[in-house]
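Chemist: Provide a 3D model corresponding to the input given below.
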Amino acid sequence: MSTTMTIRLSSETKAELSLLANVTRRSKSFLAAEAVAAYVARERSIIDGIERGLADMNAGRTILHDEAMAEVDALIDGIAQNRQA
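Modeler: Sure thing, here's the model as predicted:
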């Protein structure tokens, strides 16, 4: 099921969309709908990640920055030593 939505675009963006529609042989409406869907999915993914991080923080599932960096540094050192061996 689909619905109609009206958006405002700059004249430059509208011209670029028209060009893209012609080149790809797709309608401007199709391309705009695809762009909005991709934007919504990307933003939703970012928000979901932030919410997971906040939940982890509130539940105490975190470590101090210095501890995390020490683990990363140790991992990097271990890889470097293995490459030299």
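Chemist: mind telling me what element residue 26 is part of?
Modeler: Assigned by DSSP states H and E, residue 26 falls within no helix or strand.
Chemist: now do the same for the most centrally placed residue in the chain: its pLDDT.
Modeler: For the chain, residue 42 is the residue whose C-alpha lies nearest the centre (C-alpha atoms, centre = their mean; 4.4 Å). With respect to pLDDT, residue 42 scores 98.
Chemist: what helix or strand is it on?
Modeler: helix 28-58.
Chemist: chain center to that helix, what's the gap?
Modeler: 7 Å (C-alpha atoms, centre = their mean, to the nearest Å).
Chemist: one more: stretch 22-30?
Modeler: 24 Å.
Chemist: try stretch 60-72
Modeler: That offset, for stretch 60-72, works out to 24 Å (C-alpha atoms, centre = their mean).
Chemist: buried stuff in it?
Modeler: For stretch 60-72, burial by neighbour count (16 or more other C-beta atoms under 10 Å) applies to no residue. Any C-beta I mention is one placed from the backbone N, CA and C, and that applies to glycine too.
Chemist: other residues contacting it?
Modeler: The contact list for stretch 60-72 (C-beta atoms under 8 Å, 6 or more residues apart in numbering) reads residue 56.
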